[in-house]
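J.: let me see the structure of the following:
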Amino acid sequence: MAATQVVRSEWTKIRSVASTVWTLSLVVVVTVALGMLISALSKNEFDSMGTQERAEFDPTFISFAGMSLGQLAMIVFGVLVVSNEYSTGMIRTSLAAVPQRGSFLFSKIAVATALALLVGLVTSFAAFFLGQAMLGEHRAEIGDPGVLRAVFGGGLYMALIAMFSMGVATMLRSPMLSLGILMPFFFLISNILGNVDATKKVGRFLPDQAGSKIMQVVPPLDDDTPYGPWGGLGIMGLWVLAALIGGYVLLKKRDA
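T.: This is a model prediction of the structure:
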């Protein structure tokens, strides 16, 4: 089967599954709504902040407060894109139609990543502009130094989260097992490791901790992170690459 036909086939499969629409819609709604809420609360609390808190006040990053929940919906999207075919048994038919497993996997990932990037960018820009509207006189402008990079970076971050989830799901094949590992890892374990003094230096090299640096415009005063915004996104990219390579190797080795 020609590469364009494989890509078209994967697009048809992804858009015909109802869960795709629901999970991607949830990414937008949860991220934007929570970002607006946190931005509104931050505006109300600004006058009572101390000197250090005001110096560290990052209106851009505040508007992305909903990313922590929105990324969970993006994880579900990434897992379902891959593991739906295993849970329904359609994987055998797909691999019979496309025997080149590398072409099959990377066509699926390319289509899903393009969709995740589009939704991620829409979400990021919407979260920024609506969040800044909530912040009123404390808002940042899109033309301020570092802001456009942070907003674009938010969309890239979401796409990388989806790619990482797809790589893990390809390795594990089970949607329940994949979600059972990824959800606690991103929602609990990573946050604990990144905020406890004893493990902070290790935690900041985890994919979400490193990748989220791209959305930060005003770093904390005591920030000693050994990489910048693009360096953090690069570290996240290495995690994604490792997950995709792992998924490809296991797909090549195993039976459907």
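J.: pLDDT below threshold where in this protein?
T.: 1-3, 87-89, 91-99, 255-256 (pLDDT under 70).
J.: what's next to stretch 60-70, contact-wise?
T.: 26-28, 30-39, 42, 123-124, 127-128, 130-132, 134-135, 140, 144, 146-147, 150-151, 154, 157-158, 187, 212, 215-218 (CB atoms under 8 Å, 6 or more residues apart in numbering). Placement of C-beta: from N, CA and C, glycine included.
J.: stretch 8-17 now?
T.: 1, 20-21, 80-81, 84-85, 97-98, 107-108, 110-112, 115.
J.: can you rerun that using 7 Å?
T.: 20, 81, 84, 107, 108, 111, 112, 115 (CB atoms under 7 Å, 6 or more residues apart in numbering).
J.: the first one - how many residues pack around it?
T.: Translated: residue 20. Using other CB atoms under 10 Å, the number of residues around residue 20 comes to 19.
J.: now for the longest helix along the chain, which elements pack on it?
T.: If you go by DSSP state H, the chain has its longest helix at helix 101-135. On a contact count with 3 or more CB pairs under 7 Å, 6 or more residues apart in numbering; DSSP states H and E, helix 101-135 meets helix 3-15, helix 18-45, helix 59-63, helix 67-88, helix 90-97, helix 147-172, helix 229-253.
J.: relative to residue 164, how far out is residue 111?
T.: Note on residue 111: its distance to residue 164, by CB to CB, to the nearest Å, is 17 Å.
J.: can you say which of the contacts of stretch 8-17 are buried?
T.: Buried members of the contacts of stretch 8-17, scored by 16 or more other CB atoms under 10 Å, are 20, 81, 84, 107, 108, 111, 112, 115.
J.: of these, closest to residue 177?
T.: Among the buried ones among the contacts of stretch 8-17, residue 84 lies closest to residue 177 (CB to CB), at 14.1 Å.
J.: check contacts around residue 126.
T.: Counting by CB under 7 Å, 6+ apart, residue 126 touches 28, 32.
J.: what does the one 3 residues further on give?
T.: Residue 129 is in contact with no residue at all, counting by CB under 7 Å, 6+ apart.
J.: what's the neighbour count on residue 69?
T.: Counted by other CB under 10 Å, the residues lying close to residue 69 total 16.
J.: so it versus residue 138, what's the distance?
T.: Per CB to CB, residue 69 is found 23 Å from residue 138.
J.: residue 23: neighbour count?
T.: Neighbourhood size, residue 23 [other CB under 10 Å]: 22.
J.: give me the buried stretch members for stretch 144-152, please.
T.: 147, 150, 151, 152.
J.: for the second one, give its distance to residue 33.
T.: Looking back up the chat, that one is residue 150. 20 Å.
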